[in-house]
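**Q** coords please:
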Amino acid sequence: MTEFSPARALPDSTPAAPVSVPTSSENEAVRTAEGTDRLLSAELLAGIRSRAAGYDQANAFFTEDLNDLVAAGYLRALVPVRFGGLGRSLAHTAREQTRLAAHAPATALAVNMHLIWTGVAASLHAQHDHSLDFLLEEAGRGEIFGFGVSEPSNDLVLFGSTTDAVPQPDGGYRFTGTKVFTSLSPAWTRLGVLGLDSSDPAAPAIVWAFLDRADAGIRVSDDWNTLGMRASQSQSTVLDGARARPDRVVRRLPVGPNGDPLVAGIFANFEILLSAVYTGLGQRALELAIAGAHRRTSLKNDGRSHAQDPVARWRVGDLVIAMDGIYPQIDALARTVDEQTWQVGPAWFAQLSGLKYRATKNAKFVVDTAVQVVGGSAYTATSELARLYRDVLAGFFHPSDEDSAHATAAASVLGPLDLPTS
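**A** Reported below is the predicted structural model:
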């Protein structure tokens, strides 16, 4: 799961996605909605934090968390009001995801996958592209969407597939293959997937469609036993001729990088919301470092706490500086999506992949340093910081990875890499 970067092959002249700037009345409605109480109350978040360690230890799905989040309407945050949602912006939802991740990173990471799809659908709707309006309608009614994209050995991610997509006479498709890291596996009712239609060898295509869990040909494997992010239960999903109805086939695109609004929307929502989750994880690690510095004492320092130790103070200050720079980056890119002022091209993809790279690397640095500040107590199996240490490692496996982010950034200023001719 590495390559998530269309920028490498998109020239500067790549046409921008259609832009539809919301009217002043629509913007005012969003501001009014977001001026109300936060979606996630302190009481709800406290309950979620109290269960996080138990889910991790038992390698169990966050069922109670999900029930509470559904009851709060949180899974409808990005769904426009006209479709039964809360009509929140991506910027507002990203901030809430940061708060949620600070209480339970695995819960936030899994919920992200549903929010990504609703964010993509809302973005397309704002661009007068109604191909995913059905998703908004169903999400507004309580359906939960999974993200069935990652596949074993598929480092092209959005631009290639090892899953077979076989066209049907009625215009639908049947999908056969294995999807991995399918978060929300115990709970999703709809699954967004991609597959390769090679029925025309001269023009193979990537097909995007949505499956209904109640249909035949879908099996979820109980194979999630990982180092961290255990409560996400991102189990493998085996597709064996799973059928997507014609009205649930939403794209048929050329193999390889492209700037289609669906692809651009997935990239933007994925990178921004993922960055928000790992930033929340880092935020909690900083909180634990501060508490640990006050709690830990030193004989060399006349029994005073490490909060009075110059080295510990320097380290905590370094964490404050590191975290302080991430929040405005997430907010700025999310607002660009909300205001539909983005321009699909190398620079945009470089900003998104760069944000994800910085956010996950920053979170890892904060957790590592927090462990140093807290000391040996952080090394116990029951330590919350030890769980964060395991959870944060998952950030390196999500696209865009380090190599892809750097390749995208280079391509945005140097142009595409010249391939050797034969």
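**Q** residues touching the residue most central in space within the chain, list them.
**A** Nearest residue to the geometric centre of the chain (CA atoms, centre = their mean): Leu274, 3.6 Å. Shown in contact with Leu274 (CB atoms under 8 Å, 6 or more residues apart in numbering): 109, 112, 356, 359-360, 395, 398. (C-beta placed from N, C-alpha, C; glycine too.)
**Q** Out of these, which sit inside helices?
**A** Of the positions in those, 109, 112, 356, 359-360 sit in helices, assigned by DSSP state H.
**Q** Output those in a markdown table; the columns should cover neighbour count, distance to Glu287 and pLDDT.
**A** Below are the ones in helices among the contacts of Leu274 laid out as a markdown table (neighbours: other CB atoms under 10 Å; distance: CB to CB, whole Å; pLDDT from 0 to 100):
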| residue | neighbour count | distance to Glu287 | pLDDT |
| --- | --- | --- | --- |
| Leu109 | 29 | 19 | 98 |
| Asn112 | 27 | 21 | 97 |
| Lys356 | 25 | 23 | 96 |
| Ala359 | 26 | 17 | 97 |
| Thr360 | 28 | 19 | 97 |
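**Q** between the residues you listed, which is closest to Arg38?
**A** Asn112 (17.9 Å; CB to CB).
**Q** In the protein, where is pLDDT below threshold?
**A** For the chain, applying pLDDT under 70 flags the ranges 1-37, 298-303, 421-422.
**Q** So it: which segments form each domain?
**A** Residue ranges for the domains of the chain, per automatic domain parsing: 1-144+257-422, 147-254.
**Q** SS state for the closest residue to Leu385 other than its chain neighbours?
**A** Of all residues not flanking Leu385 in the chain, Ala378 sits nearest, at 4.3 Å (CB to CB, 6 or more residues apart in numbering). Secondary structure state of Ala378, per DSSP: H, G, I helix; E, B strand; the rest coil, is helix.
**Q** next one: Trp208
**A** Following three-state DSSP, we place Trp208 in the strand state.
**Q** mind listing the strands in the protein by residue range?
**A** Per DSSP state E, the chain carries strands over the ranges 145-148, 164-167, 173-182, 190-197, 205-212, 218-220, 235-244, 249-254.
**Q** counting contacts, what elements does the shortest one pack onto?
**A** When you say that, I think you mean strand 218-220. Strand 218-220 sits against strand 235-244, with contacts defined as 3 or more CB pairs under 8 Å, 6 or more residues apart in numbering; DSSP states H and E.
**Q** who does the strand it packs on touch, helix- and strand-wise?
**A** Using 3+ CB pairs under 8 Å, 6+ apart, the elements in contact with strand 235-244 are strand 145-148, strand 173-182, strand 190-197, strand 205-212, strand 218-220.
**Q** Does Ser353 touch Thr408 like I think?
**A** Yes: the criterion here is CB atoms under 8 Å, and Ser353 meets it with Thr408 at 4.7 Å.
**Q** how much space between Glu271 and Ala285?
**A** 21 Å (CB to CB, to the nearest Å).
**Q** ok, these two, which is more surrounded?
**A** Per other CB atoms under 10 Å, whichever of Glu271 and Ala285 has more neighbours is Ala285, with 31 against 27.
**Q** show me the contacts for the more buried one.
**A** Ala285 touches 319, 363, 366-367, 370, 385, 388, 392, counting by CB under 8 Å, 6+ apart.
**Q** and the residue nearest to Pro152 when sequence neighbours are not counted, how many neighbours?
**A** Closest residue to Pro152 in three dimensions, ignoring its sequence neighbours and counting by CB to CB, 6+ apart: Val180, at 5.9 Å. Around Val180 there are 19 other residues, counting by other CB under 10 Å.
**Q** Can you show me the helices along the stretch 51-200 of the chain?
**A** For the stretch 51-200 of the chain, the helices defined by DSSP state H, counting those that start in this stretch cover 63-71, 90-103, 105-126, 133-140.
**Q** Dump those helices to a markdown table, plus distance to Val311.
**A** Output for these, formatted as a markdown table (distance: least, CB to CB, whole Å):
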| stretch | distance to Val311 |
| --- | --- |
| helix 63-71 | 38 |
| helix 90-103 | 26 |
| helix 105-126 | 28 |
| helix 133-140 | 50 |
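**Q** And the ones you listed: which comes nearest Gly195?
**A** Closest among these, using CB to CB: helix 105-126, at 16.9 Å.
**Q** mind checking how far that closest one is from the chain centre?
**A** The chain centre lies 7 Å from the centre of helix 105-126; the measure is CA atoms, centre = their mean, to the nearest Å.
**Q** What is the nearest of the contacts of Leu274 to Asp324?
**A** Using CB to CB, Ala359 is the member of the contacts of Leu274 that sits closest to Asp324, with 13.0 Å.
**Q** show me what contacts that closest one?
**A** Ala359 sits next to 274-276, 278-279, 326, 329-330, 395 when contact means CB under 8 Å, 6+ apart.
**Q** For it, which non-adjacent residue is spatially closest?
**A** Once flanking residues are discounted, Ala359 sits nearest to Ser275: 3.6 Å by CB to CB, 6+ apart.
**Q** Can you get me a residue count around the one you found?
**A** For Ser275, the neighbour count with other CB under 10 Å is 30.
**Q** next one: Ala322
**A** Residues near Ala322, counting by other CB under 10 Å, number 18.
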